[in-house]
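S.K.: One predicted model, sequence on top.
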Amino acid sequence: MRIGIPHFGNVYIPVKAMANKLGAGGEDLIIPPPTSQRTLDLGVKYSPVEACLPYKLTLGNLIEACELGADTVLQARGTGICRLGYYAKNQEQILRDLGYDAHFLTIDLSRHKLASILNMIKTLCHGAPWPQIILAFRFGMGKLFALDRIEKEVQKVRAVEIEKGLANSIYREAIQAIDEARDNKEVKRLNREYIDRLKRVPRGPQADPLKIALAGEIYVVIEPFANMDIEMELGKLGVEVERTLTLSRWVKYSLFLNRLGIDEWKEVHKAALPYLKRDVGGDGWESVGEKVICARNGCDGLIHLAPFTCMPETVAQNIMRSTKEDLPVLTVLCDEQMAKPGMMTRLEAFVDLLQFRRKRRRDKGNIKVFSNRLPVCHSEERSDEESHRDPSPELDSGSG
């Protein structure tokens with residue numbers, strides 16, 4: 001059995017770690033080349049026109065895995081108001097039409113998630129004993145959590161580093177080192193080491209970066225190729241990125257804490273209730289609530305990433321425009337037509353808008369403090385508030 005997997009952020013690293021621990025690494029696990037323009041071209045060529053970007057990219061990954069000799073491929077499936085439930089069945093037929101006799105193994109992300117993953121691992125490792133499977137799973141998850149913690153620190157450092165690109169260089173080293181780590185003790189040591197290196201990166205003494213949150217459909221938020229490395233590009237513009245959607249968070253809650261009655265999205269759903277009272281599929285409900293939460297937490301803006309034609313995120317996009325929270329939102333629709341120069345133009349304009357808003361608010365605050373020291377105006381004169389009123393129109397707090 002030669003198993004191929006699609007790319008999704010750094011998920012290939014814990015999968016490879018588990019396979020190696022169970023003796024299913026090397027030739028048994030086929031990791032396709034990093035997602036590239038060729039991957040996208042293959043996905044677009046053989047996918048239905050109306051398919052979303054995650055569908056096309058994962059299909060391209062699986063085709064490349066089959067080209068390398070995979071006879072079994074992994075794919076997620078789910079239920080609900082999202083096309084994820086159709087991925088595996090449709091992609092299996094496409095691969096068969098292309099001449100690849102690949103068997104599909106699916107992971108149920110809607111029900112019995114942990115059991116589905118562990119049973120899939122047992123199938124792949126030819127019936128290894130459960131204690132060995134659990135140890136391998138723990139090892140893989142240790143790597144996943146370490147990578148997400150390091151990435152979170154990178155998002156802070158990119159915005160304020162003096163030598164641009166240093167944080168990215170350290171992060172690339174960290175990915176390789178953790179990928180090669182052989183036990184949990186080494187993973188923990190590397191985690192501490194690389195976070196410490198990031199904390200010691202020289203920073204601008206007067207750095208006061210904008211803080212922009214990322215929300216939207218989980219695949220395009222996490223997969224760098226799908227969003228054209230938007231986090232790295234924002235870091236170059238001096239922006240600190242705050243992203244709550246991570247693979248480690250999904251594992252922590254969806255596989256474990258949710259089973260104990262702990263809902264990680266409870267506060268987000270509660271925040272969304274004035275505008276959206278039910279789940280609309282995918283991550284749409286969460287996207288609306290994230291805007292409300294981010295406005296409360298003092299973020300300067302929010303970038304909403306959504307696959308083109310994704311119904312849940314289209315619902316969220318339109319609702320975001322009508323919320324009362326004064327938080328600018330830029331929606332970026334991700335598909336094969338998106339070009340990096342166009343996206344960069346929009347990002348730069350959005351960042352300029354946020355910097356202008358921050359400066360205007362600070363100027364107003366300084367004027368208010370100063371005006372409190374002035375003598376009371378005579379009745380025929382304008383009040384301090386009127387005399388210092390900003391003549392510029394209010395900025396649209398809806399979609400960027």
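M.R.: That came through fine.
S.K.: contacts and neighbour counts: CA atoms only from here.
M.R.: OK.
S.K.: What are the buried residues along stretch 328-343?
M.R.: Using 16 or more other Cα atoms under 10 Å as the burial criterion, the residues of stretch 328-343 that qualify are P328, V329, L330, T331, V332, L333, C334, D335, E336, M343.
S.K.: meant to ask about stretch 253-266
M.R.: For stretch 253-266, by 16+ other Cα under 10 Å, it's Y253, S254, L255.
S.K.: got a list of contacts for stretch 256-263?
M.R.: For stretch 256-263, the surrounding residues in contact (Cα atoms under 8 Å, 6 or more residues apart in numbering) are L114, Y253, E264.
S.K.: give me that answer again for 10 Å
M.R.: Identification of contacts with stretch 256-263 by Cα atoms under 10 Å, 6 or more residues apart in numbering yields H112, K113, L114, W250, V251, K252, Y253, S254, E264, H269.
S.K.: part of a helix, is the fourth one?
M.R.: Yes - per DSSP: H, G, I helix; E, B strand; the rest coil, W250 lies within a helix segment.
S.K.: measure it to T331 for me?
M.R.: 23 Å (Cα to Cα, to the nearest Å).
S.K.: Same question for Y55.
M.R.: 20 Å.
S.K.: Who are the packing partners of the helix or strand harbouring I303?
M.R.: I303 is part of strand 301-307, with elements assigned from DSSP states H and E. For strand 301-307, the packing partners by 3 or more Cα pairs under 10 Å, 6 or more residues apart in numbering; DSSP states H and E come out as helix 53-67, strand 210-216, helix 218-222, strand 239-243, helix 284-296, helix 311-320, strand 329-334, helix 340-371.
S.K.: pLDDT value on the closest residue to A271 other than its chain neighbours, please?
M.R.: Of all residues not flanking A271 in the chain, G289 sits nearest, at 5.1 Å (Cα to Cα, 6 or more residues apart in numbering). Per-residue pLDDT puts G289 at 96.
S.K.: count of neighbours near G289?
M.R.: 25 (other Cα atoms under 10 Å).
S.K.: Against V280, how distant is it?
M.R.: Taking Cα to Cα, one finds G289 at 13 Å from V280.
S.K.: so what sits against both of the two?
M.R.: Taking Cα under 10 Å, 6+ apart as the contact rule, G289 and V280 both touch A316.
S.K.: And the helices in the stretch 1-150 of the chain?
M.R.: Taking DSSP state H, counting those that start in this stretch as the criterion, the stretch 1-150 of the chain carries its helices at 12-21, 37-46, 53-67, 84-97, 113-124, 130-157.
S.K.: out of those helices, deepest packed?
M.R.: When the helices of the stretch 1-150 of the chain are scored by mean count of other Cα atoms under 10 Å, the highest mean neighbour count falls to helix 53-67 (a mean of 25).
S.K.: the domain parsing of the chain - what is it?
M.R.: With domains defined by automatic domain parsing, the chain comprises 3-126, 130-157+160-208, 209-400.
S.K.: for the contacts of stretch 256-263, which one is nearest R38?
M.R.: Nearest to R38, judged by Cα to Cα, of those is W250 at 29.3 Å.
S.K.: OK, contacts around that closest one?
M.R.: W250 makes contact with T244, F256, L257, E264 under the criterion Cα under 10 Å, 6+ apart.
S.K.: Over to D208?
M.R.: A159, V160, G238, V239, E240.
S.K.: Show the buried residues in those.
M.R.: Listed as buried from the contacts of D208 are A159, V160, G238, V239, E240; burial here means 16+ other Cα under 10 Å.
S.K.: thought the second one was touching L234?
M.R.: It refers to V160. No - between V160 and L234 there is no contact under Cα atoms under 10 Å: 11.4 Å.
S.K.: For those two, list the residues in contact with both.
M.R.: Common neighbours of V160 and L234, counting by Cα under 10 Å, 6+ apart, are E240.
S.K.: Tabulate the buried residues of stretch 253-266 (CSV), appending distance to F139 and pLDDT.
M.R.: Supplementary listing: the buried residues of stretch 253-266 in CSV, determined by distance: Cα to Cα, whole Å; pLDDT from 0 to 100:
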residue, distance to F139, pLDDT
Y253, 18, 90
S254, 18, 88
L255, 16, 87
